[in-house]
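Student: need a structure here:
(2 chains, ligands or ions: 2)
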Amino acid sequence: MRGRPLLYRSYEQDGGLLNTAAKRWWSAALLAVLVWVPFQASPDLVLLLATAAIAAIGAIGLNIVTGYAGQVSLGHAFFLGVGAYTAAVLNGDPAARSGVVGYGLDMWIWLPAAGLVAAAAGLLVAPIAFRLRGLYLAIVTLGLVFIGDHIFREAESLTGGVGVGRKAAAPELFGFSFAEPGTILGVPLARDQGLYFMGLIALVIMALFARNVARSGVGRAFAAVRDRDIAAEVMGVSLRRYKIYAFVISSFYAGIAGSLLYTISRFLEPGTFGLLLSVQYIAMVLIGGPATISGSIMGAAFVTLLPRLIEEVPSFVPIISGEAAGGFLTTQQLEQFLYGLLIVLFLIFEPRGMYGIWARARNYWKAWPFSY
Amino acid sequence: MAVVSPSATSRQPLTEFLGGRTRAGDERSLLEVSDIVLRFEGVTAIDTVSFEVGPSELFAIIGPNGAGKTSIFNCLSGVYRPESGAITFAGESLIGRRPHAIAKLGIARTFQNIELFANLTVLDNLMLGRHQHIGYGPAAAMFYAGKARREESRHREVVERIIDFLDIENVRKAPVSMLPFGIQKRVELGRALAMAPRLLLLDEPVAGMNLEEREDMARFILDIKEELEIAIVLVEHDMGLVMDIADRVLAMDFGRQIAIGAPESIQQDREVIRAYLGEQHESRGGES
Ligand SMILES: Nc1ncnc2c1ncn2[C@@H]1O[C@H](COP(=O)(O)OP(=O)(O)OP(=O)(O)O)[C@@H](O)[C@H]1O
Ligand SMILES: [Mg+2]
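Tutor: Ligands and ions are numbered 1, 2, ... in the order given. Have a look, this model is predicted:
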């Protein structure tokens, strides 16, 4: 095939994920950088990147239902919470005196279980969701967040209750803990590096799964339901079935993300899973790029790293204050304002999100120097 | 970008994948519509219409704008539910079935105003036509191995045959929204064909096309009927085309069935002439 990189000898090759030499090279280079980074950056930045990687799993999940299948869901925080608490309960110390339930199970049980329990919750809600679309669906899923928030606050034996909380699941897989200093393949890893690699591995696997779904008949059916639902049904796509699939897969991703996310902060507070969290995930999808996996990852990285960037602002903009009270704007207010502003700007100027900006830059350089 | 068929020597003809007759039973008529009525507030879109379509027959429905032609298609494909009357297809009643279930029975259609999935490529649109023949679910899709991979290749093979047949190889990977109107119409026909239907409903397949495009489309329609032996119901304002290719014609006006029969007899029918002359006088005319 030398010298004819774009000649495919089978349909399988043509549809492959890394079907050009350029894609293979870039992926290898990206992977090398991602492995190299945690040994260079400061521990708190590495932890933030670990958070971003796990958040990206959640963003991919929301993108499946909202970006690919076109069903706006504001309920993502609820499924993140279900995953987080499933993991915490299954992993929790059975002998703890704090009064919360725990079964002391290993990560190989609690991780898939978190995904499956969240998916089951999605399956329960889906029959209501598939009858609705657009604004109505958004409102129903908004209600879900409020109901979930209430349950998390009240179910004290599971969540510890408001102001008390409980320990999150500890990421221990067959005796190896990602959250404690250790060695992998002879390389010593600090806590932040261990968590980073846990997040990275989980993200790569979940992103591949999502990419596969997207390029399969299931992903095509999602796009058909999103773009023209009547034509989709006439083509033989059952709207009900595919809306439910999208909802369940999305909840599964949220469950996995929720279970891993709090292994970093080690602590779960029931008030976490409110509307604001859902909005952050919507921001990741819209800013990153709807209906793209790489966009979800870019969006998650951006939204996760934004607060860190904003913390630096008070040092050179005097009217913005780092303190809770005082100054014209607090950094937290600035953060929320920026989410809102960015969502609006992206929706108006680049609906394909950061992915769209990247795609345009790529095409520009592809055509270089004949770019105009 | 070139795609070479993996087995260029053992190319099966399109009929192997899509033959309509081979799967048909020996029923005398494939589709039977009897006395259907469909009303919207104030309008009776279909007023007691009955007809039959035989296996591999090319049956045309004509009539002035608003006569109820598209409404009949919508009843056949389950988008609307007629208020009374019966529709049976290959012995099964269609009334009350969801569109996707009707698609599964073997009815495919194109739309008067192109209803392609605009964000997707030509390939993906045609692959969506294969949807009901896909046997793997989301769990298998996640791994994209074994069964899912084999099935995707097999469906791609069928879709490539259709791309060949319709002569749209060079736009395979283009998003459909970028394509000229005439090509979009062709892609929509391809998507319906990919469903491997026993009955194909074509709603104004040549509307808005120039003469050359019309002739190509007429050729495709005849090939589908004669080589693939798929029964067709054709709604069309182009009388020349209808009279040339249809086996039988149903003429409608204001939801009513005014004549049914061979093209020659329809052309002579006084009510039909009046409906169309009236149309000219009141300038309700569509495309000539
Ligand atoms: N969804 C709807 N709601 C209300 N009225 C409708 C609807 N669909 C069709 N109609 C009415 O039913 C009648 C028949 O419409 P239909 O689209 O079937 O006509 P047609 O024969 O396909 O016309 P054309 O040649 O213009 O496509 C028209 O009077 C139309 O206004
Ligand atoms: Mg019509």
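Student: So which helix or strand of the chain has the lowest pLDDT on average?
Tutor: As the question left the chain open, I've gone with chain A. Across the helices and strands of chain A, mean pLDDT, DSSP states H and E gives its lowest value to strand A:320-321, namely a mean of 64.
Student: for whichever helix or strand comes after that strand, the distance to its chain's centre please.
Tutor: Next along the chain after strand A:320-321, taking DSSP states H and E as the criterion, comes strand A:329-330. In terms of CA atoms, centre = their mean, to the nearest Å, the centre of strand A:329-330 is found 28 Å from the chain centre.
Student: Output the contacting helices and strands for strand A:329-330.
Tutor: Judged by 3 or more CB pairs under 8 Å, 6 or more residues apart in numbering or on different chains; DSSP states H and E, strand A:329-330 is in contact with strand A:320-321. All C-beta atoms are positioned from the backbone trio N, CA, C, and that covers glycine.
Student: and A:Leu30, how many neighbours does it have?
Tutor: 10 (other CB atoms under 10 Å in any protein chain shown).
Student: what does A:Phe146 give?
Tutor: A:Phe146: 13 neighbours (other CB under 10 Å).
Student: Over to A:Tyr242?
Tutor: 26.
Student: correct me, but it touches A:Gly219?
Tutor: No. Assessed by CB atoms under 8 Å, A:Tyr242 is found out of contact with A:Gly219, at 10.1 Å.
Student: Look up the closest residue to B:Leu31, ignoring the ones flanking it.
Tutor: With sequence-adjacent residues excluded and distances taken as CB to CB, 6 or more residues apart in numbering or on different chains, B:Leu31 is closest to B:Val53, at 4.2 Å.
Student: Now do the contacts for the residue nearest to the spatial centre of chain A.
Tutor: In chain A, the C-alpha closest to the average C-alpha coordinate belongs to A:Gly58, at a distance of 2.3 Å (CA atoms, centre = their mean). Applying CB atoms under 8 Å, 6 or more residues apart in numbering or on different chains, we find A:Gly58 in contact with A:76, A:80, A:253-254, A:257-258, A:261, A:281, A:284, A:300.
Student: Going by distance to B:Phe117, which of those wins?
Tutor: Nearest to B:Phe117 among those: A:Tyr253, at 24.1 Å, using CB to CB.
Student: How about the residues of the stretch 201-350 of chain A by chain B?
Tutor: By CB under 8 Å from any CB of the partner chain, the residues of the stretch 201-350 of chain A that approach chain B are A:209-210, A:212-213, A:215-221, A:223-224, A:227-228, A:230-239, A:245, A:248-249.
Student: Of those residues, keep whichever come out buried.
Tutor: Listed as buried from these are A:209-210, A:212-213, A:215-221, A:223-224, A:227-228, A:231-239, A:245, A:248-249; burial here means 16 or more other CB atoms under 10 Å in any protein chain shown.
Student: before we move on, back to that, what about the residue nearest to B:Leu31, neighbour count?
Tutor: 23.
Student: How about B:Gly135?
Tutor: Around B:Gly135 there are 10 residues (other CB under 10 Å).
Student: can you check A:Gly163 too?
Tutor: 9.
Student: What separation do you get for it and chain B?
Tutor: Distance of A:Gly163 to chain B, computed by CB to the nearest CB, to the nearest Å: 40 Å.
Student: Figure out the helix or strand that that residue lives in.
Tutor: Going by DSSP H and E, A:Gly163 is not in any helix or strand.
Student: how about the helices in the stretch 1-150 of chain A?
Tutor: Ranges of helices in the stretch 1-150 of chain A, per DSSP state H, counting those that start in this stretch, are A:11-14, A:21-36, A:43-62, A:76-91, A:107-129, A:134-154.
Student: Next: the stretch 151-300 of chain A.
Tutor: Under DSSP H, counting those that start in this stretch, the stretch 151-300 of chain A gives helices at A:156-159, A:191-215, A:217-227, A:229-234, A:239-265, A:275-288, A:293-311.
Student: cool, the stretch 151-288 of chain B as well?
Tutor: B:181-194, B:211-226, B:239-245, B:263-268, B:270-281.
Student: Quick one: closest of the ones you listed to chain A.
Tutor: helix B:181-194 (7.0 Å; CB to the nearest CB).
Student: now what about that closest one, what contacts it?
Tutor: A:235, B:18, B:108-111, B:114-116, B:122, B:125-130, B:158-159, B:162-163, B:165-166, B:168, B:171, B:176, B:179, B:200, B:202, B:205-206, B:208-210, B:213, B:216-217, B:220, B:224, B:228, B:230.
Student: if you set the cut-off to 6 Å instead, what comes out?
Tutor: B:108, B:110, B:114, B:116, B:122, B:125-126, B:129-130, B:159, B:162, B:166, B:168, B:176, B:200, B:209, B:213 (CB atoms under 6 Å, 6 or more residues apart in numbering or on different chains).
Student: how about TSV for the helices of the stretch 1-150 of chain A, with mean pLDDT and distance to B:Val187 added?
Tutor: Shown next, in TSV, are these (pLDDT from 0 to 100; distance: least, CB to CB, whole Å):
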stretch	mean pLDDT	distance to B:Val187
helix A:11-14	68	19
helix A:21-36	86	27
helix A:43-62	95	30
helix A:76-91	94	36
helix A:107-129	92	32
helix A:134-154	89	28
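Student: Of these, flag the one that's most buried.
Tutor: helix A:76-91 (a mean of 29; mean count of other CB atoms under 10 Å in any protein chain shown).
Student: okay, the angle between that helix and helix A:275-288?
Tutor: Going by axes from the mean of the first three to the mean of the last three CA atoms, to 10 degrees, helix A:76-91 is angled at 110 degrees with respect to helix A:275-288.
Student: Helix A:76-91 versus helix A:107-129: what angle between them?
Tutor: Using the same axes, to 10 degrees, helix A:76-91 lies at 150 degrees relative to helix A:107-129.
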